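> Sharing a model prediction with you, sequence too.
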Amino acid sequence: MTTQRRDQLIIFCLFFITPILYALITQHAWEDWYITYRSSKNLAIGNGLVFRPGERLHTFTSPLGTLLPAFLTWITGNYSDDLVLWLYRICNSILLGLSGVLLYRFGKQVLRHSLPLVLLLGLVLFDSKLIDNSINGMETALMIFFLTFCLYVMTGGTRRLVLPLALGFAGLMWSRPDGFIHVSGLSIGLLIWAPANGTVRTRADWFQVLVKAALLGLLFYLPWILWAWWYYGTPVPNTVLAKGLNSTTDIKALLKTLVLFPYVSLTDPAVRLYQVYAPSYSFMGGWPAWVATVSKLLGWIACFYWIVPGAKKWGRIISFGALISCLYLSLIKSNYPWYIPMATLLCSGSLVILFDQLIERFRLTVARQITYGLMLIVVLFQIGLLGAMAYQMRVQQATIENNRQQVGLWLKSQAGSPKETVFLECLGYIGFYSGLTMYDFPGLSSSEVVNARRQIGAMDYPFVFAPLIEQLKPDWVVLRPYEHGVISTKSQVLSQEYEMVREFSVWDKVESMDVPGKSYMEWDAVFRVFRRKKEGTTLSQQPKSNELTTSL
């Protein structure tokens, strides 16, 4: 075995084992996994690719992230939901292993020194959001694999470009429909700086390659568009419609972000640069302030390396791609941690090319040692965050997610029929384990909620809850204390038409722990369950006084 093959085998094993160990330690299953998996399971058992049997509603975003669990459920005979999740984790871990090998080959093509290559592998391997969202049921590993493949192909990894790039483009779209965003910045960069790559030597050559690859990639993605259009009546996922409903675009703020991005990215917390290397939902508190500062600084340097005089061509291209990805996340105001690792990957590529260039420029031993020291600090920063977030998610799973599961199981035991309706925001665990008809906000699984929101008009979360409950009249309502408080100040619908029958609280347990990111866990530590009153009858499950705990 050659040295290069041995290195690639070691890298594959590291990138495969790390997420598996993380999964064994944390057992983390994300809330949204159970939204997608409910549709996957229905497909596998013959109910169709739907959240609610009998209603063709496109309630997921990632085609591959839904079809693969459905296939795993089918081949295992619907034996165990936990088994399917673990098989999905293994598939994603294999994809991360392959991504590590592709990163190694990509680094060999664009870097001159070995330490920046090690830094690149370390930054990706120890990215806390990437590892967590590759084992908790999300589609992040799929996105990373196809994006890494595109980088590898663009930088000379294959003799031919059009077909491999088309497969990479299509894979990103099959993983998530906005996947093209993360290669659009790279593609624009290729047209601006036009690096020589085998037979592709001019800007015109790159233009022809990219146009052909884009059209062919669209052709590979077209079957899903046509099938979804036929099956659901629209190629646009209901998740996109629900999240974008009643949203307004502030043109002035949009132009400010576009024109002044280098400035606002450092001053405006709405800009997502501070999340690039930070843990999931770190903006909710519970993490040291310097974590966001370091993350923002690294992201800013990576996104604007392309404007530095004398920067390498591939450094400019990847840096510009990182800029477009971060700008996209800022414009859509995405706080979802599974959206961010693609931007982090591009930022890491930009940073290591910068470090590679610094090593070349600095002839003095002291300057080089400083550069090596900075590289080591960056990797240690990533390792530390990964360990801290593993601890956080282990506690999150054992307390918060288990509590959500208990809410769902209790509702299933109390409901008289699966047709009974539940209004809530936390759709995943509660919806899956209750098996009831869900009226979720913003309407990911419910056309009734989307239609009601259209009638009510533009109202923000959670102020729209009261008119939604008044109009939909669900049998059950599940609320956090904050949501309960807002509804009570705006409407009497809960006090007049509903009665609180149970409170599920792990607040005391969370408060007794010293956990990084505890503020995020506090948000979901208490759920209050209300049941609609029936005229002339008394609720059969009247709570005892000791079942109700104090509010937050």
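Arrived safely. Numbering: from 1, shown residues only.
> part of a strand, is residue 77?
No. Per DSSP: H, G, I helix; E, B strand; the rest coil, residue 77 lies outside any strand segment and is coil.
> got a pLDDT number for it?
pLDDT recorded at residue 77 is 96.
> Thought residue 81 was touching residue 37, still the case?
Yes. Using CB atoms under 8 Å, residue 37 is in contact with residue 81, at 7.3 Å. Every residue, glycine included, has its C-beta placed from N, CA and C.
> So for the helix or strand containing residue 10, what gets flagged as buried?
Under the criterion of DSSP states H and E, residue 10 resides in helix 3-26. Within helix 3-26, the residues scored as buried using 16 or more other CB atoms under 10 Å are 8, 11, 12, 15, 16, 18, 19, 20, 22, 23, 26.
> As a markdown table, the residues you listed with distance to residue 473 and pLDDT would be great.
Compiled in a markdown table, the buried residues of helix 3-26 are given as follows (distance: CB to CB, whole Å; pLDDT from 0 to 100):
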| residue | distance to residue 473 | pLDDT |
| --- | --- | --- |
| 8 | 60 | 96 |
| 11 | 57 | 97 |
| 12 | 55 | 98 |
| 15 | 51 | 98 |
| 16 | 50 | 98 |
| 18 | 49 | 97 |
| 19 | 44 | 98 |
| 20 | 46 | 98 |
| 22 | 43 | 98 |
| 23 | 41 | 98 |
| 26 | 39 | 97 |
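> So which elements touch the helix holding residue 10?
Where contact means 3 or more CB pairs under 8 Å, 6 or more residues apart in numbering; DSSP states H and E, helix 3-26 is packed against helix 81-110, helix 114-125, helix 128-135, helix 365-396.
> count of neighbours near residue 406?
Neighbour count of residue 406, defined by other CB atoms under 10 Å: 17.
> for the residue nearest to it when sequence neighbours are not counted, helix, strand, or coil?
Spatial nearest neighbour of residue 406, excluding adjacent residues (CB to CB, 6 or more residues apart in numbering): residue 504 at 6.0 Å. Secondary structure, three-state DSSP: residue 504 is strand.
> Likewise for residue 439?
Residue 439 ends up strand, using three-state DSSP.
> and the residue nearest to it when sequence neighbours are not counted, bridged to which residues?
The shortest distance from residue 439 to any non-neighbouring residue, by CB to CB, 6+ apart, is to residue 423 (4.4 Å). Going by DSSP bridges, residue 423 is paired in beta bridges with residue 439, residue 477.
> wait, doesn't residue 423 sit right on residue 469?
Yes. The pair residue 423 and residue 469 passes the contact test of CB under 8 Å, sitting 5.8 Å apart.
> Quickly list what's touching both of these two.
Taking CB atoms under 8 Å, 6 or more residues apart in numbering as the criterion, residue 423 and residue 469 both touch residue 477.
> Make JSON lines from the helices and strands packed on helix 3-26 and add mean neighbour count and distance to residue 475 to it.
Below are these laid out as JSON lines (neighbours: other CB atoms under 10 Å; distance: least, CB to CB, whole Å):
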{"stretch": "helix 81-110", "mean neighbour count": "21", "distance to residue 475": "25"}
{"stretch": "helix 114-125", "mean neighbour count": "21", "distance to residue 475": "47"}
{"stretch": "helix 128-135", "mean neighbour count": "29", "distance to residue 475": "34"}
{"stretch": "helix 365-396", "mean neighbour count": "17", "distance to residue 475": "29"}
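> closest to residue 534 out of those helices?
Residue 534 sits nearest to helix 81-110 of all the helices and strands packed on helix 3-26, at 33.5 Å, using CB to CB.
> Against which helices or strands is the closest one packed?
helix 3-26, helix 31-44, helix 63-75, helix 114-125, helix 128-135, helix 140-152, helix 341-361.
> Make JSON lines out of those and add distance to residue 368.
Rendered in JSON lines, the data for the helices and strands packed on helix 81-110 read as follows (distance: least, CB to CB, whole Å):
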{"stretch": "helix 3-26", "distance to residue 368": "23"}
{"stretch": "helix 31-44", "distance to residue 368": "45"}
{"stretch": "helix 63-75", "distance to residue 368": "44"}
{"stretch": "helix 114-125", "distance to residue 368": "10"}
{"stretch": "helix 128-135", "distance to residue 368": "29"}
{"stretch": "helix 140-152", "distance to residue 368": "27"}
{"stretch": "helix 341-361", "distance to residue 368": "6"}
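> quick one: which of these is nearest residue 528?
helix 31-44 (18.0 Å).
> Okay, buried residues for the closest one please.
In helix 31-44, counting by 16+ other CB under 10 Å, buried: 31-44.
> One more: stretch 66-76?
So, applying 16+ other CB under 10 Å, buried residues of stretch 66-76: 66, 67, 68, 69, 70, 71, 72, 73, 74.
> what's the farthest-apart pair in those?
66 and 74 (12.8 Å).
> and of the buried residues of stretch 66-76, the nearest to residue 330?
The nearest one, if we look at the buried residues of stretch 66-76 relative to residue 330 and count by CB to CB, is residue 66, at 27.5 Å.
> Report pLDDT for that closest one.
Looking at residue 66, its pLDDT stands at 97.
> ok, it touching residue 42?
No. Using CB under 8 Å, residue 66 is not in contact with residue 42; the gap is 10.4 Å.
> any shared contact partners between those two?
In contact with both residue 66 and residue 42: residue 49, using CB under 8 Å, 6+ apart.
> show me what contacts the residue nearest to residue 406?
Contacts of residue 504 (CB under 8 Å, 6+ apart): 403, 406, 407, 410, 526, 527, 528, 529.
> With residue 298 instead?
276, 277, 347, 351, 378.
> If you drop the residues flanking it in sequence, what lies closest to residue 471?
According to CB to CB, 6+ apart, the nearest residue to residue 471 is residue 452 (5.0 Å).
> Spell out which residues sit in contact with the one you found, please.
467, 468, 471, 472.
> Which of the contacts of residue 504 fall in strands?
Counting by DSSP state E, the part of the contacts of residue 504 found in strands is 526, 527, 528, 529.
> what about the residue nearest to the last one when sequence neighbours are not counted, how many residues close to it?
It stands for residue 529. Ranked by CB to CB, 6+ apart and with sequence neighbours excluded, the top spatial neighbour of residue 529 is residue 502, at 4.4 Å. For residue 502, the count of nearby residues is 19 (other CB under 10 Å).
> Run a quick check on residue 502 versus residue 479, I expect a contact.
No. The pair residue 502 / residue 479 is not scored as a contact, 11.8 Å apart, by CB under 8 Å.
> got any residues that touch both of those two?
The contact lists of residue 502 and residue 479 share residue 528, where a contact means CB under 8 Å, 6+ apart.
> which stretches of the protein aren't confidently modelled?
Counting by pLDDT under 70, the chain contains low-confidence ranges at 246-258, 267-272, 363-364, 535-552.
> mind listing what the spatially most central residue of it touches?
Residue closest to the average C-alpha location in the chain (CA atoms, centre = their mean): residue 338, at 1.6 Å. Residues in contact with residue 338, defined by CB under 8 Å, 6+ apart, are 30, 32, 129, 133, 138, 139, 140.
> Repeat the analysis, applying 10 Å as the threshold.
Counting by CB atoms under 10 Å, 6 or more residues apart in numbering, residue 338 makes contact with 30, 32, 62, 65, 129-130, 132-134, 136-141, 143, 176, 280.
> Would you mind measuring from it to residue 283?
Distance, residue 338 to residue 283, by CB to CB, to the nearest Å: 16 Å.
> Same question for residue 460.
18 Å.
> Show me which of these two is the more surrounded one.
In this view residue 460 and residue 283 are compared by other CB under 10 Å, and residue 283 has more residues nearby, 16 against 7.
> For the closest residue to residue 37 other than its chain neighbours, give me its contacts.
Distances taken as CB to CB, 6+ apart put residue 69 closest to residue 37, at 5.6 Å, once the chain neighbours are dropped. Listed by CB under 10 Å, 6+ apart, the contact set of residue 69 reads 33, 36-37, 39-41, 43-44, 81, 84-85, 87-88, 91, 137.
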